[in-house]
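Novice: starting from these lines, generate the structure:
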Amino acid sequence: MTDFDQALSNPSSAYRYPKDLLVDDALTDEQKMQVLERWKFDAHELLVAEEENMAGDGPSMLSRVNRAIGILKGELDMDAPYE
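Specialist: Residues are numbered from 1 along each chain as shown. Now for the predicted structure:
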């Protein structure tokens, strides 16, 4: 069972990838969205700090978070490829 407060304050300490959050039955969809929005902010800040696009290393964490948000909103299928 995931501690919501811990996940909200530091999502990557509670989940390795955003997809892991999506399958956690301990949180409501609303809580998941709150955690994903925090994770999105953190991932964006990291990209800005590194001043790199990280192209070639697979999907960035920001891409993974955006995809998870789309899945949670019903806009993307869980098995859809990354863009």
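
Novice: now do the end-to-end distance for stretch 9-21.
Specialist: In stretch 9-21, first residue to last residue: 14 Å (Cα to Cα, to the nearest Å).

Novice: and for it, what are the contacting residues?
Specialist: 2-3, 6-7, 24, 27, 32, 35-36, 38-39, 42, 61, 64-65, 67-68, 78 (Cβ atoms under 8 Å, 6 or more residues apart in numbering). Every C-beta, even on glycine, is put in place using the N, C-alpha and C of the backbone.

Novice: give the buried subset of those as a ChimeraX selection command.
Specialist: Applied in ChimeraX, the following selects the buried portion of the contacts of stretch 9-21 according to 16 or more other Cβ atoms under 10 Å:
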select :2,7,27,32,35,36,38,39,42,61,64,65,67,68
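
Novice: among the contacts of stretch 9-21, which are in helices?
Specialist: 6-7, 32, 35-36, 38-39, 42, 61, 64-65, 67-68 (DSSP state H).

Novice: just put those in JSON lines and tack on distance to residue 13 and pLDDT.
Specialist: Output for these, formatted as JSON lines (distance: Cβ to Cβ, whole Å; pLDDT from 0 to 100):
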{"residue": "6", "distance to residue 13": "7", "pLDDT": "92"}
{"residue": "7", "distance to residue 13": "8", "pLDDT": "93"}
{"residue": "32", "distance to residue 13": "16", "pLDDT": "96"}
{"residue": "35", "distance to residue 13": "11", "pLDDT": "97"}
{"residue": "36", "distance to residue 13": "15", "pLDDT": "97"}
{"residue": "38", "distance to residue 13": "12", "pLDDT": "96"}
{"residue": "39", "distance to residue 13": "11", "pLDDT": "95"}
{"residue": "42", "distance to residue 13": "11", "pLDDT": "90"}
{"residue": "61", "distance to residue 13": "14", "pLDDT": "86"}
{"residue": "64", "distance to residue 13": "16", "pLDDT": "90"}
{"residue": "65", "distance to residue 13": "15", "pLDDT": "93"}
{"residue": "67", "distance to residue 13": "20", "pLDDT": "91"}
{"residue": "68", "distance to residue 13": "17", "pLDDT": "93"}
